[in-house]
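**Q** quick one, what's the 3D model for this:
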Amino acid sequence: MSLENKVAIITGAARGIGFAVAKRFVMDGAKVVIADVDDEAGQSAADDLNKIGDATYVHCNVAERLDVRNLVAETINAYGDVDILVNNAGVVVGADFLELEEEDFDRVLSINLKGTFLCSQAVARHMAEKVQDGGEPGTIINMSSVNAVLAIPNQIPYCVSKGGVSQLTKTTALALAPYGIRVNAIGPGSIMTEMLSSVNDDPAARNRILSRTPLQRVGEPSEIAGVAAFLASSDASYVTGQTIYADGGRMPLNYTVAVPDVD
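**A** Numbering: from 1, shown residues only. Below is the predicted model:
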C-alpha cells in the first residue's frame with residue numbers, strides 16, 4: 001500500500017511495535033517523524049530508517065502538552081504537513097490492586113490515554129485547518145490492545161487506559177468525521193516485543209500464551225505494522241471508528257486450546 005509523499009508522526013517509535021510501524025511506513029514511501037522520550041534509541045531508530053527513506057527524531061513526552069505542540073510544529077517545519085498520526089506511546093506498570101500506587105496509576109493513564117488525547121487533538125487541529133483550506137483529510141491510528149476488552153488483574157491501569165483508548169477512538173472518529181478525518185485503532189494480542197521476549201525462555205509462560213492463541217504462535221511487530229499501513233492508506237478510506245484486533249484469534253476464543261509438547 002502506497003504512502004508516497006505522506007508525512008507520519010509515530011509516538012513511542014524508538015523500538016518495538018512503534019519502530020516496526022515507522023519502518024513499514026518509510027518502506028511504503030512516507031516521511032516519518034519518530035517521537036519518543038529515549039533520545040539515544042530514538043535517534044538510532046531514525047538513523048536506521050534514513051538508510052531506506054526519510055525519518056527524523058523528535059523528543060516528546062506525550063503526556064506534556066508543550067512537548068506535543070512542539071512535536072507538531074517541528075514536524076511541519078521539517079516536512080510541511082502531517083497526514084498520519086499513530087498514537088503508539090505506552091507504558092505498563094504491574095501491581096496487585098490492593099498494592100497499586102496512585103502515582104503509578106496516574107503515570108500509565110497520563111501517557112497511554114491522556115497522551116493519545118493530546119496528540120490527537122493537536123494533530124487534528126492542523127488536519128481540520130488543512131481541510132478547510134481545501135486540503136486532503138488525514139488519519140489517526142491509536143494503539144489499543146485486546147486488554148481494552150479483556151482484563152488482567154495485575155495490569156489494572158494498563159487495561160483501564162486501553163479501554164479509554166477504545167472509547168476515545170470512537171468518539172473522536174465521530175467528532176472528526178465532518179472533516180473527513182478518519183480515526184481507528186489496532187488491538188494487538190501477544191506480540192514479540194522486548195516485554196514479551198522472556199516467554200521464549202519460560203516454557204510455562206509460553207504455553208500459557210499459546211493456550212489462548214488459536215493460531216498457536218506469538219505475533220510479530222511487522223504484522224501490526226501491516227494493519228497500520230492498511231488503515232493509513234486510501235484502501236481504508238471508508239473505515240473509521242473501528243478497532244482491528246490482530247490477536248491470532250484470541251478475542252473470539254471462549255476456552256483455552258491444547259498446546260502440543262515441544263522438546
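
**Q** tally of neighbours for the closest residue to N154 other than its chain neighbours?
**A** In space, not counting the residues next to it along the chain, N154 is nearest to G94; the distance is 5.1 Å by CB to CB, 6 or more residues apart in numbering. Quick note: C-beta positions are derived from backbone N, CA and C, even for glycine. Other residues within reach of G94, judged by other CB atoms under 10 Å, total 12.

**Q** one more: A205?
**A** Counted with other CB under 10 Å, the burial measure for A205 works out to 13 neighbours.

**Q** for it, give me the pLDDT.
**A** Model confidence at A205, given as pLDDT, is 85.

**Q** what about R217, distance to V37?
**A** R217 sits 31 Å away from V37, going by CB to CB, to the nearest Å.

**Q** and the gap between the nearest residue to G163 once chain neighbours are set aside and A124?
**A** Leaving out its chain neighbours, the residue that sits closest to G163 by CB to CB, 6+ apart is A148, at 4.9 Å. In this structure, A148 lies at 21 Å from A124, with CB to CB as the measure.

**Q** now do the same for the helix or strand R24 falls within: mean pLDDT, whole number.
**A** In this structure, R24 sits in helix 16-27 according to DSSP states H and E. The predicted model assigns helix 16-27 a mean pLDDT of 98.

**Q** now the element after that helix, going C-ward?
**A** Once the chain leaves helix 16-27, the next helix or strand it forms, by DSSP H and E, is strand 31-36.

**Q** so what touches the next helix or strand after that following strand?
**A** Note on strand 31-36: by DSSP H and E, the next helix or strand toward the C-terminus is helix 39-49. Contacts made with helix 39-49 from outside it, assessed by CB atoms under 8 Å, 6 or more residues apart in numbering, are listed as 13-15, 19, 22-23, 26, 32, 34-36, 55-59.

**Q** give me that answer again for 7 Å
**A** The list of residues contacting helix 39-49 from outside it, by CB atoms under 7 Å, 6 or more residues apart in numbering, reads 13-15, 19, 22-23, 26, 32, 34, 36, 55-57, 59.

**Q** and the angle from it to helix 16-27?
**A** Following axes from the mean of the first three to the mean of the last three CA atoms, to 10 degrees, one obtains 30 degrees for the angle between helix 39-49 and helix 16-27.

**Q** distance between helix 39-49 and the chain's centre?
**A** On the basis of CA atoms, centre = their mean, to the nearest Å, helix 39-49 is displaced by 18 Å from the centre of the chain it belongs to.

**Q** quick one, it and strand 31-36 angle?
**A** Orientation note: helix 39-49 sits at an angle of 160 degrees relative to strand 31-36 (the same axes, to 10 degrees).

**Q** contact partners for A8?
**A** The contact partners of A8, taken as CB under 7 Å, 6+ apart, are 25, 30, 32, 83-84, 86.

**Q** now the longest helix that the chain contains: buried residues?
**A** Ordering each helix of the chain by length in residues (DSSP state H) puts helix 156-176 first. Neighbour-count burial for helix 156-176, with 16 or more other CB atoms under 10 Å as criterion, is recorded at 156-166, 168-170, 172-173, 176.

**Q** number of nearby residues for A22?
**A** The criterion is other CB under 10 Å. On that basis, A22 has 30 neighbouring residues.

**Q** hang on, it packs against A35?
**A** No. Proximity of A22 to A35 does not meet the contact threshold set by CB atoms under 7 Å, at 9.8 Å.

**Q** overlap in contacts of those two?
**A** Shared contacts of A22 and A35, defined by CB under 7 Å, 6+ apart, comprise 10, 13.

**Q** any figure for the gap between A35 and D235?
**A** Here the criterion is CB to CB. By it, A35 lies 25 Å from D235.
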